[in-house]
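Asker: Need a 3D model of the sequence below.
(2 chains)
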Amino acid sequence: MSAGGPSSATSGPATLVAVLALCVVLLTGAACPDAHQVPAEGADDGMSVLRRAAVAGKETAYSAVREVTGAEGEAPSHVHVVHRPGAGLALAPVGEEEAAFVVRASSALESLDERLLHMLEDTYEVTDAGTADLEGREARVVEAGRADGTVAGRFWVDTGTGLLVGSTVYEVSGEPALSVRLTGLAPGEGDWPEGAVGGTPWGDALTGEERDGLREDGWTLPEHLHWNLRLVDARSTEHAGRRVVHAIYSDGLSQVSVFIQRGKLDTKHAASLRDGYAGTDMGGSGVTTQHDTVFGGDVGQYQSMWQAGGFVYTVLADAPAGIASSAVTALPGPESSGFWARVHRGMSRLGFL
Amino acid sequence: MSKDHLGERLSALVDGELGPVEHESALIHLAKCESCRFEADMMRRLKRRLTGLREPEPDLDFMGRLTSLSRDPGPGGRGPSEPPPGGAGFGFRPPLGSSRPLGGFPGGGAAAVETAAETGSARTGPARPERPARPVRRRGGDRFSHLLPDFPGGRYAVAGFAVATALLGTAFVAGGDAQDTPVVEPRLSDYAVEHAVTSRQIPVMDSRPTEVRPVGTETPPGYGSTETTR
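Answerer: I've put the predicted structure just below:
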């Protein structure tokens, strides 16, 4: 009895504390979003590796074959790449080198690269995972981890040249969603496609004040499309005297372009509109989103176009299907032309909804 | 007596509840006391007003005469100059507002109805306090009554339906395209190039513009379509 007295006296408060702790855990677990949908904190010791690779990629001349592999079951695409410092990056489908496309070097792209690295650092925990063998070449592996410990992306940096020779983006389930590999890497000046088509980003970069002004004028230009898709750059140009805005969203691993312009689609698009969307479905498989379908183009490339609220939205994404879906669904949805849809729209405009 | 005012006896005097002696003495006091005389006068006026008041009712006679203007001719026919059934048409009746004051006539009600019954349909005088029974009024006056639902609250249902219809119509109009919204044709080719530049990817094949291709190169299949909405 003497032994049971103190024990029972202490078990009561201990049980109460345990129950309270369990309640706190359950309540906080119910209130917080998914564990992987928050920025991951960490030392980010892998960022130095990636920054060195970015510098090497800008200063090193090389040629290689870029192999892009999408989700399981999709055939990879192969693009011949040639990099010339100061000139840019030439890309051409393998076997169609005469149809090369050149991304010309520009300060705007260098600035964008730096922002993408910042975005990666802010969103994920970037760690140096040591070295590994990648197709016969020693490479340093850098992992981008989510807050729940899963791997969102992985980079391979060639230890010999310092170039980024591989990257893979993973779904939340852990399955590879989009992989890029540089094979046949050959340092030095390659065959530069003279006279190839090229381009630089639109010149009119929108400042924060200009973006706020557009929002006040009714433009939907969110700073976030998803918890990890943040606005990293916004540019503008004019088509037929009307402004078109190119907003770039990224998490550091994937990139989504949203083109916005005021107006509505012509009725001739009605035949190709599918549930409000118009898309290219060449060679890709349809991706089911939460509320409609985004049609896939080439591997990892998705396009969609629709009109909503007096604006036309066009989304182009080189991203996994989940990222593309998140971007599309975060924007105003396509307008339906039915009677009740129009009544609903009118009620919203009148302030009843 | 003149020093002592009537007080509560004043109310009894007005109501006629005093005995003969008290009544006589009260009147003598009133002849001498101006204050009590004034108070008694006020009480009499108040009593007359209260007696004359009754539940306010809408002047249905006015509505009945209005609807009789558009009443359809009966099977027997009626010339345009003939007065409407009921003895008198618009203009044959007393001027509007002179028929019955709000609250009815003093001493009206059942007695007035009896008087009207005795006089029959020859009601040409200004005093016509009777009010037709409800079924008679609906048959004679409201030409749209047959459109209303024949159940309690039908008028409210019709009113609600009208409001809902107006609301839907307004929302439908408001939900239409704005007149100043321009029709645009997004240049997917330019978008594809811009996106390819910023993402270091090769543009989507069929969105590459032909106008920027170098001279002498063949146009691959799929090129040249500036709109890729297929």
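Asker: residue boundaries of the strands in the stretch 151-300 of chain A?
Answerer: Counting by DSSP state E, counting those that start in this stretch, the stretch 151-300 of chain A has strands at residues A:151-158, A:164-170, A:176-187, A:197-199, A:204-205, A:230-239, A:242-250, A:255-262, A:264-265, A:287-288, A:293-296.
Asker: and those strands as JSON lines, adding mean pLDDT and distance to chain B?
Answerer: Every residue, glycine included, has its C-beta placed from N, CA and C. As requested, the strands of the stretch 151-300 of chain A are arranged in JSON lines below (pLDDT from 0 to 100; distance: least, CB to the nearest CB, whole Å):
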{"stretch": "strand A:151-158", "mean pLDDT": "95", "distance to chain B": "15"}
{"stretch": "strand A:164-170", "mean pLDDT": "93", "distance to chain B": "11"}
{"stretch": "strand A:176-187", "mean pLDDT": "90", "distance to chain B": "10"}
{"stretch": "strand A:197-199", "mean pLDDT": "83", "distance to chain B": "5"}
{"stretch": "strand A:204-205", "mean pLDDT": "86", "distance to chain B": "12"}
{"stretch": "strand A:230-239", "mean pLDDT": "93", "distance to chain B": "6"}
{"stretch": "strand A:242-250", "mean pLDDT": "94", "distance to chain B": "6"}
{"stretch": "strand A:255-262", "mean pLDDT": "93", "distance to chain B": "4"}
{"stretch": "strand A:264-265", "mean pLDDT": "80", "distance to chain B": "5"}
{"stretch": "strand A:287-288", "mean pLDDT": "34", "distance to chain B": "15"}
{"stretch": "strand A:293-296", "mean pLDDT": "46", "distance to chain B": "9"}
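Asker: Serialize those to TSV and add fields for mean neighbour count and distance to residue A:79.
Answerer: Formatted as TSV, the strands of the stretch 151-300 of chain A follow (neighbours: other CB atoms under 10 Å in any protein chain shown; distance: least, CB to CB, whole Å):
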stretch	mean neighbour count	distance to residue A:79
strand A:151-158	23	18
strand A:164-170	21	14
strand A:176-187	18	10
strand A:197-199	18	14
strand A:204-205	14	28
strand A:230-239	19	23
strand A:242-250	22	21
strand A:255-262	24	16
strand A:264-265	20	32
strand A:287-288	15	22
strand A:293-296	22	17
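Asker: So what's the model's average confidence on the host helix or strand of residue B:30?
Answerer: According to DSSP states H and E, residue B:30 maps onto helix B:20-32. Throughout helix B:20-32, pLDDT has a mean value of 87.
Asker: Which strands or helices does the following helix or strand past that helix pack on?
Answerer: If you walk from helix B:20-32 toward the C-terminus, the next helix or strand you reach (DSSP H and E) is helix B:34-52. Identification of packing neighbours for helix B:34-52 by 3 or more CB pairs under 8 Å, 6 or more residues apart in numbering or on different chains; DSSP states H and E yields helix B:8-15, helix B:20-32.
Asker: could I have helix B:34-52 exported to PDB, CA atoms only?
Answerer: Output of helix B:34-52 as PDB, limited to C-alpha atoms (Å, rounded to 0.1, in the frame of the first residue of the first chain):
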ATOM      1  CA  GLU B  34     -63.000  78.500 -15.200                       C
ATOM      2  CA  SER B  35     -60.300  75.900 -14.600                       C
ATOM      3  CA  CYS B  36     -62.800  73.100 -14.000                       C
ATOM      4  CA  ARG B  37     -64.900  74.300 -16.900                       C
ATOM      5  CA  PHE B  38     -61.900  74.100 -19.200                       C
ATOM      6  CA  GLU B  39     -60.900  70.700 -18.000                       C
ATOM      7  CA  ALA B  40     -64.400  69.400 -18.400                       C
ATOM      8  CA  ASP B  41     -64.500  70.700 -21.900                       C
ATOM      9  CA  MET B  42     -61.300  69.000 -22.800                       C
ATOM     10  CA  MET B  43     -62.500  65.700 -21.300                       C
ATOM     11  CA  ARG B  44     -65.700  65.900 -23.400                       C
ATOM     12  CA  ARG B  45     -63.700  66.500 -26.500                       C
ATOM     13  CA  LEU B  46     -61.400  63.600 -25.800                       C
ATOM     14  CA  LYS B  47     -64.300  61.300 -25.100                       C
ATOM     15  CA  ARG B  48     -66.000  62.200 -28.400                       C
ATOM     16  CA  ARG B  49     -62.800  61.500 -30.300                       C
ATOM     17  CA  LEU B  50     -62.300  58.200 -28.600                       C
ATOM     18  CA  THR B  51     -65.900  57.200 -29.300                       C
ATOM     19  CA  GLY B  52     -65.500  58.100 -32.900                       C
END
